[in-house]
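Asks: Using only what follows, build the 3D model:
(chains A and B)
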Amino acid sequence: MEAASVPSGLTLLEFLRDRLYLTGTKEGCGIGECGACTVLFDGKPVTACLVLAVEADGCTVETVEGEATDGQLSVLQRAFVETGAIQCGFCTPGMIMSARGLLRRNSNPSDDQIVEAMAGNLCRCTGYEAILAAVRVASRPPAEMLTGEAVGSQPVAETLTGETGTERRRFLRGAESTRKGGRR
Amino acid sequence: MLGRFDYQRPSTLPEAGRLLAESDGPAAILAGGTDLLVDIRGRRHDPRILVDIKRIDALRRLDVDPAGALTIGAAVPLNEIIERAAIRQACPGLVQAAESIATYQLRNRATAVGNLCNASPAADMAPVLLALGADLIVWSLRGERTMPLSSLFVGVKKTALAPDEIATELRVPVPEPGLRSRFLKQQRLRGHDLAVVSAAGAYAPTTGVLRLAVGSCAPTPLLLEPIEVGRSSKAAVEEEAVRAVQAAMRPISDTRASADYRRAVLPVLVRRLVADLLAEGGAP
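Replies: Alright, predicted model coming up:
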């Protein structure tokens, strides 16, 4: 544990990246729109670009660097890999932290709840469906994924691809109903 | 670096009041920071000192008393309001408004009082709190005062608060039995857009009084004169509400919509809102 002294104008995001060299957390927009800098602040997802580093004094901050243990990706991270929820990867750390926050408060989220929890994370590559499927898979991971053998192993990849097709249609319906809800 | 300012995190109101009163340059109150820090970054605001009020215990209060009166402290983030079942039951419109704001991450920081004090014409918490008859408690070293929320807004991004004053809490009065409340918002993209127009209403079947407020259609959110529903038909009440809104609104054209579009769409929202509030046997 180290103490740090920071200028009051420094954001938590700048502190993590430029002072602690924890560069997993990304800066996208810098104004709380894109979610690339999502971290868990006292257990809750927030955008680190809109938190001052000094505000974190005495608080717990969790970043994507905390996901893997001993070089093994977490189940959530593996679900992202296996479902193809990663393309350029820039939004992924924020996506993972939003998903982590969701799974911690709700271990069995509905499709609508996943959509709502992930709506603050923008992705320019994937079209979102694989990301939503990844969170769903992570909430009910197949046994192979729990043992850590999932990554790169063909049979599991097939299982997941099969499931993803169904997930995809379900998520589209979920997204549709959320949109209607918003317009009501 | 967002800017050069001093940061203070007082743990009592008097301490916060002193920091504001004794600041030798512009001071800003920091709650969730989701408007303030964006404004500082965009160089629209250049305070010398930020007074963070989130560690003042008195401002973290979120209470529904047995009669249904609601107290929302200035440091309470929107998600706490959304997650409180008793509030959803007593004031569904308030929860609808809170849920419509930004994204989950931002709602973990953004506060209802901050949304109001930012004084955007599009402030989503304003119409429903106006319709519910909320008061704002304001504190300074000079004393405490209570103002009806409608007198807070004096212009675009301008409030009636003095620089040394702190809005400490919102008080929503005991609802009439069976009071219904609703919030409707027209927006282009959920979570990433402000309201093009918005409307909220509260209707008490026992007294027959309908209170409506609208947002994003004038320099400030607008509370309309209460409508006595009495024995009027639903269609007649809709007409009266639309006429009142049309007389009060002064929309502008901006990046989100033209004034003409706002003039066209707000009556649609108001009709929908009134129909919903007056529906026979409607949920509260």
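
Asks: Residue A:4 contacts residue A:19, doesn't it?
Replies: Yes: applying C-beta atoms under 8 Å as the test, residue A:4 and residue A:19 come out as touching, 6.5 Å apart. The way it works is simple: take the backbone N, C-alpha and C, and place the C-beta from them, glycine included.

Asks: need the contact list for residue 117.
Replies: All of this refers to chain A. A:45, A:98-99, A:101-102, A:109, A:135, B:104 (C-beta atoms under 8 Å, 6 or more residues apart in numbering or on different chains).

Asks: Correction: the question concerned chain B.
Replies: Counted by C-beta under 8 Å, 6+ apart, residue B:117 has contacts B:29, B:152, B:159, B:161, B:167.

Asks: how about a cut-off of 6 Å?
Replies: B:159, B:167 (C-beta atoms under 6 Å, 6 or more residues apart in numbering or on different chains).

Asks: Break chain B down into its structural domains.
Replies: Domains of chain B are assigned by automatic domain parsing as B:6-52, B:57-172, B:180-278.

Asks: check whether the shortest one contacts chain A.
Replies: Yes: on the criterion C-beta under 6 Å from any C-beta of the partner chain, domain B:6-52 is in touch with chain A at B:7, B:33-34, B:37-38.

Asks: Quick one: end-to-end distance for that domain.
Replies: Using C-alpha to C-alpha, to the nearest Å, the end-to-end distance of domain B:6-52 comes to 11 Å.

Asks: Distance from that domain to the middle of the chain?
Replies: Distance of domain B:6-52 from the chain centroid (C-alpha atoms, centre = their mean, to the nearest Å) equals 21 Å.

Asks: Quick one: name the residues of chain A near chain B.
Replies: Within chain A, the positions near chain B by C-beta under 6 Å from any C-beta are A:8-10, A:31-32, A:38, A:44-47, A:50, A:54, A:117, A:119-120, A:182.

Asks: Mind telling me what element residue 46 is part of?
Replies: Let's take chain A. strand A:44-47 (DSSP states H and E).

Asks: Oops, wrong one, chain B.
Replies: Secondary structure from DSSP H and E places residue B:46 outside every helix and strand.

Asks: which one is it nearest to, not counting chain neighbours?
Replies: In this structure, residue B:46 finds its nearest non-sequential neighbour in residue B:3, 6.4 Å apart by C-beta to C-beta, 6 or more residues apart in numbering or on different chains.

Asks: From residue B:50, how far out is the one you found?
Replies: With distances taken as C-beta to C-beta, to the nearest Å, residue B:3 is found 9 Å from residue B:50.

Asks: Equivalent analysis for residue B:125, please.
Replies: Counting by C-beta to C-beta - residue B:125 and residue B:50 are separated by 22 Å.

Asks: more neighbours, the two?
Replies: More crowded of residue B:125 and residue B:50, by other C-beta atoms under 10 Å in any protein chain shown: residue B:125, with 30 against 27.

Asks: For the more buried one, give me phi and psi.
Replies: The phi/psi pair for residue B:125 (degrees, to the nearest 10) reads phi -80, psi -20.

Asks: Show me the shaky parts of chain B.
Replies: Within chain B, the ranges that satisfy pLDDT under 70 run B:280-284.

Asks: need the contact list for whichever residue of it sits closest to chain A.
Replies: For chain B, the residue closest to chain A is residue B:103, as judged by C-beta to the nearest C-beta, at 2.7 Å. Applying C-beta under 6 Å, 6+ apart, we find residue B:103 in contact with A:119-120, B:191.

Asks: just these now: which is nearest residue A:14?
Replies: residue A:120 (20.2 Å; C-beta to C-beta).

Asks: Helix, strand or coil: sort out the residue nearest the centre of chain A for me.
Replies: Closest to where the C-alpha atoms of chain A average out (C-alpha atoms, centre = their mean) is residue A:96, at 1.8 Å. Assigned by DSSP: H, G, I helix; E, B strand; the rest coil, the conformation of residue A:96 is helix.

Asks: and it, what is it in contact with?
Replies: Applying C-beta under 6 Å, 6+ apart to residue A:96 gives the contacts residue A:64.

Asks: Tell me where the stretch 101-250 of chain B has helices.
Replies: Here the stretch 101-250 of chain B has its helices, by DSSP state H, counting those that start in this stretch, at B:104-107, B:112-117, B:125-131, B:234-248.

Asks: Next, the residues that contact the first one from outside, please.
Replies: Read that as helix B:104-107. Here helix B:104-107 has contacts from A:32, A:38, A:45-47, A:117, A:120, B:34, B:78-79, using C-beta under 6 Å, 6+ apart.
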